[in-house]
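In: Sequence and predicted structure below; questions after.
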Amino acid sequence: MAKKQQHNNPDSPSEVPPYLEEQSGIHQASSLDSFRVFQAINTCNHTLIHADEELLASNERMRLIMAATDAGIWEYEISTNTTIWSDKLWQLYGLDPKCIKPAYDAWINTVIPEDRGVVELAVQKALNTGGEYSCRWRILDSDGRQRWLMSKGSPFKDSAGTIVRYAGVVIDITEQQKKDDALRESEERFRMLFMGNIAVMIILDPATGTIVDANQSAADFYGWPIEVLKQMNIKQINILTPEEVTLELNKWKGESLGKKHLFFFHRRADGSVRDVEIFAQKIVVQGKELVYDIINDITERRQAEQALQSNERKFRSITEQMAEMVFVTDTNGSLTYVSPAAENLFGYYPHEMTGHLFTEYLAEEDISRAFALFQETLLQHLHTRIVELKLCRKHASLFDGEVHFQYYQDNESAGMIGMIHDVTERKHQENLRKQYEEALQESEQFLASIYQEVNHSIFVVDVRPDGGFRFKGINPIHEKLTGINNEEIVGKTPEEFLDHDVAAAIIHNYESCIQEGQAIHYAESIPFLGKNTYWDTTLNPVRNESGHIYRIIGTSKNVTEQKQLLNQLIASKEKAEESDRVKSAFLANISHEIRTPMNGILGFSALLKESDLSGEEMNQYIDLIQKSGQRMLDLINDLLDISRIDAEETKVHITETPLNDLMHQLHAFFKYEAVTKGLRLTCATGLSDSESTINTDSGKLNQILTNLVKNSLKFTQYGGIDFGYIRKNGILEFYCIDSGMGIPAEMQNKVFDRFQQVDNTLTRGHEGAGLGLSITKAFVHMLGGTIRVESVEGEGSTFLFTLPYNPILRQNS
């Protein structure tokens, strides 16, 4: 190939043949044909190195090489600066040998501009190293389409070791490049689908259990980053023993590329265990068998299934103990479940009735009506229906049954569920009652005038044979006082008309009246007209001829105004007494707390005027004056804090607060006082320094802890004081434990009130106005926490308060 020669330096880029490329950029042809081409060319190249130079130049030899491959051949002679291109190479370059000579410029102009820099750099590097080289680039064919070419060549040396020529081949790799691009795009699409899928996916090596790959959803689900998952083994996730996991993995050996549906328990990074459903498939990647898993979290579904099974067991357990017969039908009316009470009611065992239509156990005259109700219930999904029917026992005898039924549906089926109660005796009693009522009709008419005009609320309640109660009526004054008219209440049970708790209380009173067998009197509170009302009520039982109580007549007097007035008087009295007590205690404490240090200041100030005081005495008096002044200052600060709290002027200033530093500072501050009193003082921190920096009001937290430790030091004479904190479920619990005098049980709810002390007498052995714990409680609430005390008198006290744990998130975490 002819080439423009500038000088004889073989390192010059302009004298180097094209086609050289960095080794890292060599295109790895994956097809067998490309491999054979390069194998043949390399064999020829090595043969040429050791052959006679004349034989290498032989055109016959070149034709043999070209015939053996489908590649273009080139050779560049350094000493003569000549280049030889084979016919195939001219075709590959799309050049006409009749128009130009084989030369560097002719070749480089065929390379598209975007690839020229890379090709020329590869040429220069190959020449500088004097070794094997290869490169690939794109050209435009006569139709303007891009084609990929690839070149590989070798240097040849003379006997002195000097490179005298380069020779190599050029092949068209366009089709192979398309295949590689398509494969790469396919792999990228799979990778995108795999990594971006919301389903949890992992790929396992079944031979070892190693996790080969995992997507982001798997990382989110398990709590480990993808790179950590890819270093793990499935045995670290599956809670089966390693041996059991190995047995499961071995089941894939010899399996065809099929699918499996599996269930396991998997452990996550936070230690939680989840119930998972796995759809697994064996795949082959680059000749290696792998298992591709799609994992679904079914923990909640399993829990729901278990809850359903538990409910079914409870349902059967309850129904099997009931005197009433419980039944379930399908949408056709066939009985699918019958409780054991069927034997007592119908004379059949449950299995004898199951599978039969419910209409088989009805009297002939009630079948049509019952079936119409059944269809109506199913179509309209009706609930809580009650009907009385004539039912047929095993030996054709009939009985009256009260049937409670409603529409029923679960995840698998639908139908009707109901309960049958034998009301034959009740019907008989009702008939008797009707007879008695007719006999008493005249008497009732006589009483009606009284019933209508009396100034008390009157209500009548029927006692049902089953022990239940139904309202029979109320008088007009009752309507006026309660807002309930007679039509609303007649025929209703207390449960149907009143709130559950109120109904339960009323029923209890009715039952008490029946048990006593005589009139009872009681006070009750019932909500009417949107407010609570108070009543003095009397219940009078009414008996039939057989002595059975079948009705209750009640009279009630509305005493709401009297009750409210009495409550107000009691509250006012208690408030006045408490106000007077607190005021007296406050005045006594404040007077004492001011006079005592003031007397000290005045007294020792007078002593300082004496001229014969020694220096030690003078310092002692000054110290006492300072302590008295500090005591007054503390009192004033407490009063100011209380005033600000009452006026809602106290602000919360949230800052970064290093808890451990604060705890250690408090320990150092109070250590001297504790040692002076011969007490132990310990401080414990529940978090590392990096975890202990939180967002809170450091000033208020410091005052809270200071008040608690000072309080313990004040009341502890022996033993010691331990304070610190621990973390519990997202909150911080602080504690201050002392072995002091303790707090009586009756005072433990009052120690956080203002001016409250265990000993409020002026002769007590300690100072203080009783404001510290009140301020402490207010500050704890401002910071979003709670405070409490646990104490045994004579054994010490434990003060506990909580704060939200709001850690500072550091960058390195």
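Out: Right, received. Where do you want to start?
In: in stretch 128-136, what counts as buried?
Out: By neighbour count on 16 or more other Cβ atoms under 10 Å, the buried set for stretch 128-136 is E132, Y133, S134, C135, R136. Quick note: C-beta positions are derived from backbone N, CA and C, even for glycine.
In: of all these, which comes closest to T80?
Out: Closest to T80 out of these is Y133 (20.9 Å), distances taken as Cβ to Cβ.
In: Tell me how many other residues crowd the nearest residue to the closest one once chain neighbours are set aside.
Out: Excluding the flanking residues, the one nearest Y133 by Cβ to Cβ, 6 or more residues apart in numbering is A126, at 3.3 Å. Using other Cβ atoms under 10 Å, A126 has 24 neighbouring residues.
In: returning to that earlier point: by pLDDT, give me the weakest of the buried residues of stretch 128-136.
Out: Minimum pLDDT across those is recorded for Y133, with 78.
In: what are the phi and psi angles of that residue?
Out: Backbone torsions of Y133, given as degrees, to the nearest 10, read phi -150, psi 160.
In: For it, name its beta-bridge partners.
Out: G153 (DSSP bridges).
In: quick one: it and I163, what's the gap?
Out: Distance from Y133 to I163, counting by Cβ to Cβ, to the nearest Å: 12 Å.
In: would you say A106 is within a helix?
Out: Yes: counting by DSSP: H, G, I helix; E, B strand; the rest coil, A106 is part of a helix.
In: Please look at it and G94 and confirm they touch.
Out: No: using Cβ atoms under 8 Å, A106 is not in contact with G94; the gap is 11.0 Å.
In: ok, L92 - contacts?
Out: Residues in contact with L92, defined by Cβ atoms under 8 Å, 6 or more residues apart in numbering, are G72, L149, V170, I171, D172.
In: let's go with 10 Å and repeat that
Out: Neighbouring residues of L92 by Cβ atoms under 10 Å, 6 or more residues apart in numbering: 71-72, 85-86, 110, 139, 141, 147, 149, 151, 170-172.
In: and those, which of them are in helices?
Out: Nothing among these maps onto helices, per DSSP state H.
In: Roughly how far does the nearest residue to P744 once chain neighbours are set aside sit from V751?
Out: Nearest non-adjacent residue to P744, counting by Cβ to Cβ, 6+ apart: E793, 5.1 Å away. E793 is 13 Å from V751, where distance means Cβ to Cβ.
In: what about those two, which has more around it?
Out: Comparing E793 with V751 by other Cβ under 10 Å, the one with more neighbours is V751, at 21 against 15.
In: Dihedrals phi and psi, that one?
Out: Here V751 shows phi and psi, under degrees, to the nearest 10, equal to phi -70, psi -20.
In: Please report how far the closest residue to it other than its chain neighbours lies from F752.
Out: With sequence-adjacent residues excluded and distances taken as Cβ to Cβ, 6+ apart, V751 is closest to L773, at 5.5 Å. Going from L773 to F752 by Cβ to Cβ gives 5 Å.
In: and if you look at A280?
Out: For A280, the distance to F752 (Cβ to Cβ) stands at 62 Å.
In: just to revisit the earlier point, need the overlap of contacts for Y133 and I163.
Out: Common neighbours of Y133 and I163 (criterion: Cβ under 10 Å, 6+ apart): L127, P155.
In: Quick check: H508 is in a helix.
Out: Yes: checked against three-state DSSP, H508 lies within a helix.
In: before we move on, the earlier item: which one's more surrounded, L773 and F752?
Out: L773 (22 against 19).
In: where does P527 land in three-state SS?
Out: strand.
In: Identify the bridge partners of it.
Out: Beta-bridge pairing of P527 under DSSP bridges involves N532.
In: surely it meets V502?
Out: Yes: P527 lies in contact with V502 (Cβ atoms under 10 Å); the separation is 7.0 Å.
In: contacting residues for D96?
Out: Contacts of D96 (Cβ under 10 Å, 6+ apart): W90.
In: swap in G418?
Out: Listed by Cβ under 10 Å, 6+ apart, the contact partners of G418 are 324-329, 358, 374, 377, 385-387, 403-406, 408.
In: Cross those against strands and list the overlap.
Out: Among those, the ones falling in strands (DSSP state E) are 325-329, 385-387, 403-406, 408.
In: Which single one of the residues you listed is nearest to E437?
Out: The closest of these to E437 turns out to be I386 (Cβ to Cβ; 23.0 Å).
In: Correct me if wrong: that closest one contacts F405.
Out: Yes: the pair I386 / F405 is scored as a contact, 8.0 Å apart, by Cβ under 10 Å.
In: before we move on, the earlier item: helix, strand or coil for the residue nearest to V751?
Out: L773 carries the three-state label helix when classified by three-state DSSP.
In: when you give positions from now on, start the count at 38
Out: All right, first residue 38 from here; so that's L810.
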